[in-house]
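[1] sequence plus the predicted model coming up.
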Amino acid sequence: MNNFDAMLEQIKKSAAKRIIESEHCINKRFFTNISKDDILNVIFNGIIIENYPEDKRGRSCLMARQIQGKMIHVCCSPKEDHLKLITVYQANNDVFENDLITRRKRGDKS
């Protein structure tokens, strides 16, 4: 089992217990019209595209899944008794390559 597989397993276990959204996540979800069902879809069916083992909020990662033609990203941090949702957004080409999974290098807009 690789690091992403272990992290994905922990995310699902934590989410099954309880999901807590940060205020930032709630605001982003509201203003981008991303539903709770969309978030659950990403959590339980998505992939991890970036890992942040040294995040100040605790180990976290960025997940992605295409839902109804939109690439939804969820940044989350699994805890022992819950999954903390840090942010959620619809990916775009300003930050990501055309696959909406690979992060562009700084300054690269081609």
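    Good, I have the coordinates.
[2] where in the protein is pLDDT low?
    1-2, 107-110 (pLDDT under 70).
[3] past the helix ranked longest in it, which element shows up next along the chain?
    Using DSSP state H to define each element, the chain has its longest helix at helix 3-17. Counting by DSSP states H and E, the element after helix 3-17 in chain order, helix or strand, is strand 19-21.
[4] contacts for that next one next, please.
    Outside strand 19-21, the residues that touch it by C-beta atoms under 8 Å, 6 or more residues apart in numbering are 29, 39, 43, 82, 83, 84, 85. Just so you know, the C-beta spots here come from the backbone N, C-alpha and C atoms, and that holds for glycine as well.
[5] what packs against the longest helix of the chain?
    Judged by 3 or more C-beta pairs under 8 Å, 6 or more residues apart in numbering; DSSP states H and E, the packing partners of helix 3-17 are helix 36-45, strand 47-52, strand 60-67, strand 70-78, strand 83-90.
[6] buried sites along the last one?
    Pointing back at strand 83-90 there. Buried residues in strand 83-90, counted by 16 or more other C-beta atoms under 10 Å: 83, 84, 85, 86, 87, 88, 89.
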